[in-house]
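how does the following fold in three dimensions:
(one chain, ligands or ions: 1)
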Amino acid sequence: MITDEGKIFLAAAKTFIDEHVHGAAFDKAQQLPRSLLKLLASHGYLGINISREQGGLGMNALEYGLFTELLGRACSSTRTLLTVHCSLVTETLSRWGTEQQKRHWFALLVSGETIASFAVSEPAHGSDTRGIATRYRKSGADYVISGTKKWISFGAIADVFLVFAKCDEQMSAFLIDRSAPGVRVEPINNLLSQRASHLAEITFDEVVVPNTRLLGAEGSGQLLLMSALDNGRYSVAWGACGVAREALVQMIGYAQQRTQFGSPLAEFQLVQGLIGDAASEVHAAHALCERAASQRMARSCHAGYETTIAKYVASKAAVSVTARALQVHGANGLSDDFCVERLFRDAKALEIIEGSSQMQQITISNYALTAEK
Ligand SMILES: Cc1cc2nc3c(=O)[nH]c(=O)nc-3n(C[C@H](O)[C@H](O)[C@H](O)COP(=O)(O)OP(=O)(O)OC[C@H]3O[C@@H](n4cnc5c(N)ncnc54)[C@H](O)[C@@H]3O)c2cc1C
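Presented below is the predicted three-dimensional model:
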């Protein structure tokens, strides 16, 4: 349920996004302006899903989702910042951090003084997160970490990385400063999608990490990773709804104003078929995201399952709706004079990040085999 306060918040957020979040320009520049990060922080958006007592805006899961959808409509890279900084790192800290860690990090993360990124993927380990090769060992009261992480969104500009590493078979999570000796950051540019997401490859070469930077108990990394990815998936699902909805709006606008054979495209039944399918997919994805939101707010034991389904369906919808929108735009759809080509490019990444569609299918199926009886 959206509170009255939530409605006011979302209306103000829409105005903020229209004014400050320029997806096409950021995509071309392959970066988000620093001024935008400061503005997001000063409006409290970097602490949107953190409770008021902990210094955040305290929005509920539905309000956070609807905000993420709005951001996803405007710019997938800005949405990615929220996914990584708020859902993957801050929320994980909120659940697994000690009181001392929360006090220390929330002040920095909510104010935007510190930008966080989330580092699990590696050059040779993507879907297979259990197989990661980054290693840690104990050295007195500290830990020493070595390994390479790849495709880390906002890694090129983040001040701190939430890093997953293994010692023998046990996985643990650490908050590592970019400035720590032995950390090397190589930006990754010119990807098809999410070009303003400041991706990076990050190498940790015998990096000494104090034990105050261990998040959760030693050996709890796998559990912590699953809970972080569940939050990330929820955010990506709503972001995918935003991409699909914007593509639908663009498609309708174009079909109504473009004339061929003496009639607007919208009057041709084959074009109506494309629009009808797209609208249905947008509504189905949105409804699944709302369902995931209500399950999360009710703290239902099925919330993770519903979130995975929402992410799986919404990311597929984003790909298929943007492809239809591009088709309706004809040659103009391939041109960056129109935003559907960017939406189409950005949509593709949504089927890969926070677990690929195939991994979601496996997760959904495993759960369904026991729960759907
Ligand atoms: C834009 C972008 C941003 C990203 N940001 C981050 C980030 O911030 N932090 C981070 O840690 N990572 C990030 N990643 C990495 C992302 O999490 C991985 O790309 C993803 O987990 C898939 O891993 P992979 O690319 O290595 O593909 P692989 O795991 O090599 O998979 C390749 C293909 O094989 C399929 N496949 C793999 N295993 C199976 C199986 N068992 N059954 C069926 N099919 C299978 C996959 O579905 C996929 O289609 C990002 C990636 C992108 C593209």
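
check the gap between Thr259 and Ser42 for me.
46 Å (CB to CB, to the nearest Å). (Each C-beta comes from the backbone N, C-alpha and C, glycine too.)

same check on Gly330?
Taking CB to CB, one finds Gly330 at 42 Å from Ser42.

what's the answer for Ala278, then?
36 Å.

tell me which of those two has more neighbours.
Shown here are Ala278 and Ser42; by other CB atoms under 10 Å, Ala278 has more neighbours (25 against 11).

check the secondary structure at Lys138 for me.
The assignment at Lys138 comes out as strand when based on DSSP: H, G, I helix; E, B strand; the rest coil.

leaving out sequence neighbours, find the closest residue to Lys38.
Spatial nearest neighbour of Lys38, excluding adjacent residues (CB to CB, 6 or more residues apart in numbering): Gly112 at 6.4 Å.

swap that for Gln100, sorry
Leaving aside its chain neighbours, Gln100 sits nearest to Thr212 (7.7 Å; criterion: CB to CB, 6+ apart).

was I right to think the one you found contacts Gln101?
Yes - contact criterion CB atoms under 8 Å: Thr212 and Gln101 qualify, at 7.3 Å.

buried ones in the strand or helix carrying Glu290?
For Glu290, the element it lies in under DSSP states H and E is helix 269-297. The neighbour-count check on helix 269-297 (16 or more other CB atoms under 10 Å) flags 271, 274-275, 278-279, 281-282, 285-286, 288-293, 295-296 as buried.

thought the residue nearest to Lys38 was touching His43?
No - with contact defined as CB under 8 Å, Gly112 does not count as touching His43 (10.0 Å).

give me the common contacts of the two.
Shared contacts of Gly112 and His43 (CB atoms under 8 Å, 6 or more residues apart in numbering): none.

of those two, who's got more company?
Using other CB under 10 Å as the criterion, Gly112 and His43 rank with Gly112 on top: 20 against 16.

give the burial count for the residue of the chain found nearest the ligand, as a bare number.
Residue of the chain nearest the ligand, by CB to the nearest ligand atom: Gly126 (1.8 Å). Residues contacting Gly126 under the criterion other CB under 10 Å number 17.

what is the helix or strand that contains Glu341 packed up against?
For Glu341, the enclosing helix or strand under DSSP H and E is helix 340-350. Contact analysis of helix 340-350 by 3 or more CB pairs under 8 Å, 6 or more residues apart in numbering; DSSP states H and E lists helix 23-29, helix 76-82, helix 221-257, helix 303-328 as its packing neighbours.

for the stretch 101-250 of the chain, what lies in contact range of the ligand?
Contact residues, the stretch 101-250 of the chain versus the ligand (CB under 6 Å from any ligand atom): 117-121, 126-127, 151-153, 193-194, 199.

now with 8 Å, please.
Within the stretch 101-250 of the chain, the positions near the ligand by CB under 8 Å from any ligand atom are 117-121, 125-129, 149-155, 191, 193-194, 197, 199.

got a list of what the residue positioned nearest the centre of the chain touches?
Nearest residue to the geometric centre of the chain (CA atoms, centre = their mean): Thr83, 3.4 Å. Taking CB under 8 Å, 6+ apart, we find Thr83 in contact with Thr68, Ser153, Gly232, Ser235, Val236, Gly239, Glu354.

make a PyMOL selection of the buried ones in these.
The buried residues among the contacts of Thr83 can be selected in PyMOL (16+ other CB under 10 Å) with this line:
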select buried, resi 68+153+232+235+236+239+354
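
in the contacts of Thr83, find the pair that's most separated.
Thr68 and Ser153 (14.6 Å; CB to CB).

in three-state terms, label Ile176 for me.
With three-state DSSP as the basis, Ile176 sits in strand.

got the contact list for it?
Ile145, Val160, Phe161, Val163, Val183, Phe204, Val207, Val209, Arg213.

helix, strand, or coil at the third one?
Three-state assignment for Phe161 (three-state DSSP): strand.

right, and it touches Phe118 too?
Yes - assessed by CB under 8 Å, Phe161 is found in contact with Phe118 at 7.5 Å.

what touches both of the two?
Residues within reach of Phe161 and of Phe118 at once, by CB under 8 Å, 6+ apart, are Ile152.

quick revisit: after the helix holding Glu341 comes which helix or strand?
Beyond helix 340-350 toward the C-terminal end (DSSP H and E), the next one is helix 357-371.

buried set for that following helix?
For helix 357-371, by 16+ other CB under 10 Å, it's Ser357, Met359, Gln360, Thr363, Ile364, Tyr367.

with stretch 318-332 instead?
Buried residues in stretch 318-332, counted by 16+ other CB under 10 Å: Ala318, Val319, Ser320, Val321, Thr322, Ala323, Arg324, Ala325, Leu326, Val328, His329.

wait, what's in contact with the third one?
Applying CB under 8 Å, 6+ apart to Ser320 gives the contacts Asp277, Ala278, Glu281.

can I get the residues you listed in JSON lines with pLDDT and distance to the ligand?
Formatted as JSON lines, those follow (pLDDT from 0 to 100; distance: CB to the nearest ligand atom, whole Å):
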{"residue": "Asp277", "pLDDT": "98", "distance to the ligand": "24"}
{"residue": "Ala278", "pLDDT": "98", "distance to the ligand": "24"}
{"residue": "Glu281", "pLDDT": "98", "distance to the ligand": "21"}
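
need these in JSON lines (columns: distance to Leu224).
Below are the contacts of Ser320 laid out as JSON lines (distance: CB to CB, whole Å):
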{"residue": "Asp277", "distance to Leu224": "40"}
{"residue": "Ala278", "distance to Leu224": "38"}
{"residue": "Glu281", "distance to Leu224": "34"}
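
hang on, Ser146 packs against Glu206?
Yes - with contact defined as CB under 8 Å, Ser146 reaches Glu206; the gap is 5.6 Å.
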